[in-house]
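A.B. asks: sequence and computational prediction follow.
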Amino acid sequence: MTILVKNHIPKRWVLPQETPPEIDQMLAQYPRPIRQVFYNRGFRDIESCQKFLNADYPLEKTDPFKLDQMEIAIDRILYSIHHQLPIAIYGDYDVDGVTATALLVQVLHQLGALVIPYIPNRFDEGYGLNNEALKSLRDAGVDLVITVDCGIRSNTEAEYAKEIGISLIISDHHHPRGVIPSAFAIICPKKENDPYESKDLSGVGLAYKIAQALVLKNKDLFLQPEKWLDLVALGSVADMVPLIEENRALVRKGIQLLQSQPRVGLMALSEISKMDMNRINGSSISFGFGPRLNAAGRMESAKKALQLLLTEDAITANQLAAELNTQNQERQNLTRITQQRALDIVRLSGQQMIFFAAAEDFNQGILGLAASKLTEEYYRPSMVGTKRGNGTIRVSCRSIPEFDITSALDECADLLVQHGGHKAAAGFTISMENLDIFLEKMECITERELGGKDLAPTLKVDTRVTLTELKPEILDYLDQFEPTGIGNPVPLFFSKNVIVKNRKSVGKENSHLSLVLSDGRLTFDAIGFGLGDRAEKMPDLIDILFSFERNFFQEQERIQLRIVDFKCV
C-alpha cells in the first residue's frame, strides 16, 4: 500500500470565529487583526489583553512553598549546606536538564554549599537515574542527591539510594506512573493533588522554584533568584513547555536578561552562530542556542554544554562554543543520513498507522530527530531505534496531537525495560525478544485510537487580512506576543487571491521559496522555508497562510511575510 509523502498531504486551515461586535468595539484601541488574535486566545477585555502583552502573572500564585514537599526538601538541603556535606545535582543531558543543573549548582555555590554536578552519558548510562552513578556519588561522600528533569519514574533507583544511605530529592516535571518513588522528597506539580497551580513548568522551571525557596530561607544573603532566569528561558523554550501563564512570565524576563546581561558562554555561542544577543527571542533559542547546546549530549557528552553555561572565562567560553558549533554541524550531517535511511526503511515496510525503523549503527543521540522527520513527513507517530550489543533496542518516539505516545507505551509497560516522556515525545528500551509482540500491540493501539480518522496537519488561522492591512504598528504588537512557542504560537494570517509577482527556489539545495507578493496595492517580500520544491508549479494567484515579521540582515531591517503554507486559487 502506498504511503503519502508530506507534500501530498494537504494541511487543514481552520479559520477562526469572527470577533463579536460588542467585543470588537471593546478592544477598538487595537488594530483589527490584533483584536481578532486576542479574541481567539480568550482575551475579551482591555485588562486581560494588557496583562497578556505585559506577561503579567499574579505573584501570590508563585510561592514555591505551595509545591508539595518543598519545605522538607529545603530543610534537608540547608542541613547539608550548614554541615558542609557534599550535594550532587543529578541532571539530564538535554537543554532543560543541563540548564536546571547549572542553575542549582550556581545557586548552591552562592549559598556556600559543596556541590557536585552529575549528568549521565546518553550512550553509556541512558536517561535518568542509574544505580552505578548513585554508588559512585556515595563513594565520593555524597549523601544528598537532588535530581532535576528526571527521577519521577525511578522507583528501583530510589530504593537503591535509600539502601546505600543517600537522601534523594526528586524534582521532575514529567508525569508520574503508578506508584511514586520512595524518596526523601518529591517536587513534581504533576503529582496527584499537588496544589501548585502551574502544572507545566519545565525541569529548569522547577529548579528555579527550589532556588526561590532557598533564597526565601536565606534572606540575609540578599540573593536575587531572578539573575538565573536566563537559564529558565533557555530550558523552557528548548523543552517546548507551554509558554503561557507563569512560564510566559518567567521566559519573558529570562529573555530580557539574555539580551541585557548575557553570560560569557552564551555570548561566545551567539557570536560563533551569528546571532544578535540584542534580538534574542523564542525562535532564537529554538533554532540557535537549543540545537548547539543539545549537540553536546547527542554526539558525545553534555558536560561541554554545562561547562559553557557555568564558565566565566572568555577564552574557555570561546573554545567551548567552537566545539559545540562543530558538534552541531556533525549532528546535522549525521541526522540527514539517518533520517533518509529511516524513511527508506518505512517506505519499504508497508507500515501504515505507526512507523518503526531501527538499525545497529543508528547514533543514539539523533534518534529523536529522525523520528521527528518521519512524523513530519507522513503525519504519523514514529519510533526510531538503535540495536545494542546487550540484546536491547533503545528507541525515541515522536507523535501527533491525536495520539498520546506515552500513554500508549504505558499500555505496553510489561514488555519494556524502561520508558517515559510526554504526550508528543517519549523514549523506551526493549529486549529484542519482545520487539515483535510490542510492535503488534502498538499497531493495535494506534488502530484503536486513529483508525477511521482523516489524519492531516491542522493549521489554526488567527485572522484573515489583506496585505494592505499589514501596517508597521501590527509588528509592534506582535513583538509583545513574545515569547512565542507551544501554547502561544506565532499568530498566523490568512490572505486570499494574492498576486505572485516573482518566485524562485533559494538556499542550500534550493530548499526554500522566495516570493514577491502583492494585493494590487502593497507589495511584500516573502520566504517559505522548506517549500522550494513548490516554486515551479506555482500559479500567479494564490491563497497564503503566513506570519508577519521583521527580518534583520547586515544591520538592515526589512518587513517580510513568512509563508507557512499556500493553496492554488
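C.D. replies: Cool, the structure landed.
A.B. asks: show residues contacting the helix or strand encompassing Ala161.
C.D. replies: Here Ala161 sits within helix 155-163, counting by DSSP states H and E. Outside helix 155-163, the residues that touch it by Cβ atoms under 8 Å, 6 or more residues apart in numbering are 128-131, 134, 145, 151, 167-168, 170, 179, 181-183. C-beta coordinates here come from the backbone N, C-alpha and C atoms, glycine included.
A.B. asks: longest helix anywhere in this protein?
C.D. replies: helix 314-349 (DSSP state H).
A.B. asks: which secondary structure elements does that helix contact?
C.D. replies: helix 264-272, helix 290-299, helix 303-310, strand 355-359, helix 367-378, strand 382-387 (3 or more Cβ pairs under 8 Å, 6 or more residues apart in numbering; DSSP states H and E).
A.B. asks: flag every buried residue along it.
C.D. replies: Neighbour counts over helix 314-349 (16 or more other Cβ atoms under 10 Å) mark 316-321, 323-325, 327-328, 331, 334-335, 338-339, 341-343, 345-347 as buried.
A.B. asks: quick one: low-confidence residue ranges for the stretch 251-400 of the chain.
C.D. replies: Within the stretch 251-400 of the chain, not a single segment meets pLDDT under 70.
A.B. asks: same thing with the chain?
C.D. replies: 1-8, 554.
A.B. asks: now find how far off-centre the helix or strand containing Ala102 is within its chain.
C.D. replies: Counting by DSSP H and E, the element that carries Ala102 is helix 95-110. With Cα atoms, centre = their mean, to the nearest Å as the basis, helix 95-110 stands 18 Å off its chain's centre.
A.B. asks: what angle do helix 290-299 and it make with each other?
C.D. replies: Per axes from the mean of the first three to the mean of the last three Cα atoms, to 10 degrees, the angle that helix 95-110 makes with helix 290-299 is 90 degrees.
A.B. asks: and the next helix or strand past helix 95-110?
C.D. replies: strand 115-118.
A.B. asks: neighbouring strands of that following strand in the sheet, and parallel or not?
C.D. replies: strand 87-90 (parallel) (DSSP bridges).
A.B. asks: quick one on the thing from earlier: CA atoms of the helix holding Ala161 as PDB?
C.D. replies: C-alpha atoms of helix 155-163 as PDB (Å, rounded to 0.1, in the frame of the first residue of the first chain):
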ATOM      1  CA  ASN A 155      11.300   3.600  41.700                       C
ATOM      2  CA  THR A 156      14.100   1.000  41.700                       C
ATOM      3  CA  GLU A 157      16.800   3.500  41.800                       C
ATOM      4  CA  ALA A 158      15.100   5.400  44.700                       C
ATOM      5  CA  GLU A 159      15.000   2.200  46.700                       C
ATOM      6  CA  TYR A 160      18.700   1.600  46.000                       C
ATOM      7  CA  ALA A 161      19.600   5.200  47.000                       C
ATOM      8  CA  LYS A 162      17.900   4.600  50.400                       C
ATOM      9  CA  GLU A 163      19.800   1.300  50.800                       C
END
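A.B. asks: who's in contact with the very next helix or strand once past that helix?
C.D. replies: Next helix or strand after helix 155-163 toward the C-terminus (DSSP H and E): strand 167-171. If you take Cβ under 8 Å, 6+ apart as the criterion, strand 167-171 is touched by 73, 76-77, 100, 143-149, 151-152, 154, 158, 161-162, 181, 183-188, 203, 206-207, 210.
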